[in-house]
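Chemist: Sequence first, predicted coordinates after that:
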Amino acid sequence: MSQAVPHLTYGLNTVKLCKTEIDNLSFAYNSVFFKLFKTNDVNVINNCQFYSGYLSFSILYDYHRLQFLQKLFDTKFVTERSSVDLHDYLDLNALRVKYRVQHVANKQLFFKYFFDSLI
């Protein structure tokens with residue numbers, strides 16, 4: 001798992017993925033947990049991921065995407081005034097609202113969000 005996750009997620013933070021793409025990548029990400037824990041129950045897999053110290057794929061993607069976009073805005077490589085950057089700006093704001101953060105969030109906030117979704 002320690003080598004597979006970076007290979008699976010490499011470069012994904014630079015692009016906005018649609019739901020279908022996230023679902024397909026989630027399937028690949030979850031397949032390791034399906035085999036390891038010998039279950040096809042997604043709720044069981046989500047609990048196994050959380051208690052093993054892993055985020056679900058969609059939350060992991062959001063975490064990396066938010067960190068990437070925030071860094072671009074902090075360094076002024078992307079601005080809200082540019083029409084080219086508008087989609088990234090909107091995506092950054094949507095992620096901030098979803099996870100209730102104003103600026104850079106630590107990973108523990110995403111684990112809390114994941115835990116709350118398990119209940």
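Modeler: Yep, that arrived.

Chemist: State the distance from residue 11 to residue 108.
Modeler: Here the criterion is C-beta to C-beta, to the nearest Å. By it, residue 11 lies 25 Å from residue 108. No exception for glycine: its C-beta is placed from N, CA and C like everyone else's.

Chemist: and the gap between the most far-flung residue of the chain relative to its centre and residue 103?
Modeler: The centre of the chain is farthest from one residue, residue 81, which by C-alpha atoms, centre = their mean lies 25.9 Å away. Residue 81 sits at a distance of 19 Å from residue 103 (criterion: C-beta to C-beta).

Chemist: and what of residue 70?
Modeler: Relative to residue 103, residue 70 is positioned 7 Å away (criterion: C-beta to C-beta).

Chemist: Where do the helices of the chain begin and end?
Modeler: According to DSSP state H, the chain carries its helices in the segments 4-9, 19-37, 42-51, 57-74, 86-99, 107-118.

Chemist: most tightly surrounded among these?
Modeler: Greatest average neighbour count among the helices of the chain goes to helix 57-74 (a mean of 19), per mean count of other C-beta atoms under 10 Å.

Chemist: Show me what it is packed against.
Modeler: With contacts defined as 3 or more C-beta pairs under 8 Å, 6 or more residues apart in numbering; DSSP states H and E, helix 57-74 has these neighbours: helix 4-9, helix 19-37, helix 86-99, helix 107-118.

Chemist: Dump that helix to CSV, keeping only the CA atoms.
Modeler: The C-alpha trace of helix 57-74 is given here as CSV (Å, rounded to 0.1, in the frame of the first residue of the first chain):
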residue,chain,number,x,y,z
PHE,A,57,-9.9,7.7,-2.2
SER,A,58,-12.4,10.6,-2.8
ILE,A,59,-11.3,12.4,0.4
LEU,A,60,-7.7,11.7,-0.3
TYR,A,61,-8.1,13.2,-3.7
ASP,A,62,-9.8,16.3,-2.3
TYR,A,63,-7.1,16.7,0.3
HIS,A,64,-4.3,16.7,-2.3
ARG,A,65,-6.3,18.9,-4.7
LEU,A,66,-7.0,21.5,-2.0
GLN,A,67,-3.4,21.5,-0.9
PHE,A,68,-2.2,21.9,-4.5
LEU,A,69,-4.7,24.7,-5.4
GLN,A,70,-4.0,26.6,-2.2
LYS,A,71,-0.3,26.5,-2.9
LEU,A,72,-0.9,27.9,-6.4
PHE,A,73,-3.0,30.7,-5.0
ASP,A,74,-0.6,31.5,-2.2
